[in-house]
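Trainee: Quick one, fold the following:
(chains A and B)
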Amino acid sequence: MNFNFKHEWIETNIGLMAVLTMLAISVGGLVEIAPLFFIDKTIEKVEGVRPYTPLEQRGRDIYVREGCYLCHSQMIRPFRDEKLRYGHYSLAAESQYDHPFQWGSKRTGPDLARVGGKYSNEWHVQHMVAPRSMVPESVMPNYPWLLSTPLDISDTADRMKALRKVGVPYSLTQEEYKANVVKFGETVAPLLHIPDAQKNLLEQANFGNYDGDRSGISEMDALVAYLQVLGTMVDFSKYNDDAFVDNR
Amino acid sequence: MSEQKLQSQTVQTTGHAWDGDLQEYNNPLPVWWVYTFYATFVFAIVYWVIYPSWPFGKGWIGGLSDISYVNSAGETKTHSWNTRALYLEDMNQAAAAQKPYFDKVQSMSYEQISRDPEITAFILSSGKALFADNCAACHQAGGQGVVGFFPNLTDDDWLYGGSYEKIHQTLVDGRRGYMPSFSEVLSAEQIGDLANYVAGLSGIPHDAAKAKAGDVLFHSETAACYYCHGADAKGRKEVGAPNLTDGIWLWAGVAAAPSSEGKVAAIRNVISTGLAKGVMPAWGGRLSPEQIKVLTVYVHDLGGGL
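Mentor: Next up, the predicted model:
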């Protein structure tokens, strides 16, 4: 380093040092983040992934509220041991409508990315109320209030509108609804229509009766509905096991 | 320290003195450190060449390292290194090691498996891991179940049948238990009679007179218990209706009730409220056919029968 450059200039000038430090850090961000917006292989092209229904979305809100992500990840890595225990590795496409995503980085409990359909609703309810009655070695806290707290459904549409703002294709207008029919099909599109949010939520909760109690809709109904859909949207039997190998 | 001593030192200082005599050396970096630093540059460049690294156009540079694997369609493919290709290669290697065993399991009949000690040993060890990952959450680690929730798999009592074929069917398609609520069809007295009759079937102390009335009701069209539980009350496996005569209780908390009155009350409770639980998920889409066959044999080994 000749040409009269002295590192001392930076070391003795805190303003210059701050600017240069920020520049150095931004290079890391630019290199790692920016290309993802231009690479067209970031998100796998699969059928079946749709935004959550109003009830599932409310369940997801409760999942976040109770901090489930602090102990449970939703990200199955492409390793043999994870495949054997949890199922097919997670795809980026599967969390494309998650805001924020629930990948997590801590597994005190098991990964939940494909817990949908693995256990019965009844198991989930009992396990949430008293985890050790189902899994003796569990260290999960009890969540009995989920069963006794009625689900607040008054702001369901507002929550969907907020998600729509960040890019989740919930429909507000007829044009958006028609676009959803093309994209997600005639059975799914009505579930994503914000003006029908409350009606859809009530229908799903009453039909599914996730908490086994028909007298009302509890937070447990929503949470179990959410858990039971996790990882079930993509039918992997339709794809070869190397269908997503180009995406990494 | 004297002024003279400081000036006599050969190593440069930063040129500033704090508190009059406190100075800081300005040593060059150690040579080993500098070369290690340069070596990380070299390492990075080598890494870029071998492994996927720089974004390029709409993709990225794959790197020189390759991975070969056989996909589920049986095609051999070579892909530039990435974790998903590495995973496929890993799965291939494990599958190759297990293939001789799984092929045997798939080709042999249950009868043959039960007489082949090597395959049985394979199933007991691989089945144990499968059971722990998939079944133990409900049926518990030893298959003993939870009274009131999930059936015991180690006894001789099978709701839907304990033969290899029935266990296999249960695993693939799942099950959905159901018993209607009788609280609106029958009076409280009638339900009490039935509970006493059912208690008597497995030798629980009960009111004989009430049980006699319950016997009639059990076999009548009013309650029609015999529809599902059979005229002999030994259950009908086609509909998953349990045997009421063997003293094994899944739904009613009979074993936990301290008194005989409590035991009868537990039975009455089930008749009154009915059951909309007893759901077993279907594993056909989640586990492979070989895994399901391994589990079938494993569960049959726990306490299978007819």
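Trainee: all helices of chain A, in order?
Mentor: Using DSSP state H, the helices of chain A run over A:7-11, A:14-33, A:54-65, A:80-86, A:121-129, A:131-134, A:145-148, A:156-165, A:174-184, A:197-208, A:219-229.
Trainee: Show me the one of those helices that comes nearest B:Gly192.
Mentor: In terms of Cβ to Cβ, the element of the helices of chain A nearest to B:Gly192 is helix A:121-129, at 27.4 Å. Any C-beta I mention is one placed from the backbone N, CA and C, and that applies to glycine too.
Trainee: who's in contact with that closest one?
Mentor: The contact list for helix A:121-129 (Cβ atoms under 8 Å, 6 or more residues apart in numbering or on different chains) reads A:119, A:133-135, A:140, A:142-144, A:146-147, A:208-212, A:220, A:223-224, A:227-228, B:137-138, B:149-150, B:277-279.
Trainee: same deal with stretch A:201-220?
Mentor: Contacts of stretch A:201-220 (Cβ under 8 Å, 6+ apart): A:53-55, A:58, A:62, A:121-122, A:124-125, A:128, A:145-151, A:153, A:156, A:191, A:221-222, A:224-225, A:228, B:276-277.
Trainee: Stretch A:151-170 too?
Mentor: Here stretch A:151-170 has contacts from A:51, A:54, A:57-58, A:61, A:97, A:99, A:172, A:176, A:179-180, A:183, A:192-195, A:197-198, A:201-202, A:205, A:217-219, A:221-222, using Cβ under 8 Å, 6+ apart.
Trainee: same thing but 7 Å
Mentor: If you take Cβ atoms under 7 Å, 6 or more residues apart in numbering or on different chains as the criterion, stretch A:151-170 is touched by A:51, A:54, A:57-58, A:61, A:97, A:99, A:172, A:180, A:183, A:192, A:194, A:197-198, A:201, A:217-219, A:221-222.
Trainee: How about it, which residues are buried there?
Mentor: A:Leu151, A:Ile153, A:Thr156, A:Ala157, A:Arg159, A:Met160, A:Leu163, A:Arg164, A:Val168, A:Pro169, A:Tyr170 (16 or more other Cβ atoms under 10 Å in any protein chain shown).
Trainee: same question, stretch B:134-144
Mentor: Within stretch B:134-144, the residues scored as buried using 16+ other Cβ under 10 Å are B:Asn134, B:Cys135, B:Ala136, B:Ala137, B:Cys138, B:His139, B:Gln140, B:Gly143, B:Gln144.
Trainee: Sitting in helices, which of the residues you listed do you find?
Mentor: B:Asn134, B:Ala136, B:Ala137, B:Cys138, B:His139.
Trainee: got a pLDDT number for the nearest residue in space to B:Ala257 that is not next to it in sequence?
Mentor: Nearest residue to B:Ala257, sequence neighbours excluded (Cβ to Cβ, 6 or more residues apart in numbering or on different chains): B:Lys263, at 4.5 Å. Per-residue pLDDT puts B:Lys263 at 91.
Trainee: For B:Lys263, give me its contacts.
Mentor: B:Ala199, B:Ile204, B:Val254, B:Ala257.
Trainee: For chain A, see how far away B:Asn243 is.
Mentor: The gap separating B:Asn243 from chain A is 22 Å, by Cβ to the nearest Cβ, to the nearest Å.
Trainee: Show me what counts as buried in stretch A:96-112.
Mentor: Neighbour counts over stretch A:96-112 (16+ other Cβ under 10 Å) mark A:Gln96, A:Tyr97, A:Gln102, A:Gly104, A:Gly109, A:Pro110, A:Asp111, A:Leu112 as buried.
Trainee: Can you get me a residue count around whatever residue of the stretch 201-306 of chain B ends up closest to chain A?
Mentor: Among the residues of the stretch 201-306 of chain B, B:Val279 lies nearest to chain A; the distance is 3.7 Å by Cβ to the nearest Cβ. B:Val279 has 18 neighbours, counted by other Cβ atoms under 10 Å in any protein chain shown.
Trainee: Around chain A, which positions in chain B sit nearby?
Mentor: Proximity of chain B to chain A, by Cβ under 7 Å from any Cβ of the partner chain, involves residues B:55, B:58-60, B:69, B:71-73, B:77, B:79, B:82-85, B:87-88, B:90-91, B:94, B:133, B:137-138, B:146, B:149, B:276-277, B:279-281, B:286.
Trainee: what about 6 Å?
Mentor: B:55, B:58, B:71-73, B:79, B:82-85, B:87-88, B:90-91, B:94, B:133, B:138, B:277, B:279, B:281 (Cβ under 6 Å from any Cβ of the partner chain).
Trainee: Make a PyMOL selection of the buried ones in those.
Mentor: Buried residues within these, by 16+ other Cβ under 10 Å, are selected in PyMOL with:
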select buried, chain B and resi 55+71+79+82+83+84+85+87+88+90+91+138+277+279+281
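Trainee: from the residues of chain B next to chain A, which ones fall inside helices?
Mentor: In this view, the residues of chain B next to chain A that belong to helices under DSSP H are B:Thr83, B:Arg84, B:Ala85, B:Tyr87, B:Leu88, B:Asp90, B:Met91, B:Ala94, B:Asp133, B:Cys138.
Trainee: For the second one, list the residues it contacts.
Mentor: Contacts here follow Cβ atoms under 6 Å, 6 or more residues apart in numbering or on different chains; on that basis B:Arg84 touches A:Pro78, A:Val245, A:Arg248.
Trainee: one step back: max pairwise distance over the buried residues of stretch A:96-112: which two?
Mentor: Maximum distance among the buried residues of stretch A:96-112 (Cβ to Cβ): 24.5 Å, for A:Gln96 and A:Gly109.
Trainee: Against which helices or strands is the helix or strand bottoming out on mean pLDDT in chain A packed?
Mentor: The weakest-scoring helix or strand in chain A, judged by mean pLDDT, DSSP states H and E, is helix A:7-11 (a mean of 83). The contact analysis (3 or more Cβ pairs under 6 Å, 6 or more residues apart in numbering or on different chains; DSSP states H and E) places helix A:7-11 against no helix or strand.
Trainee: Lovely, talk soon.
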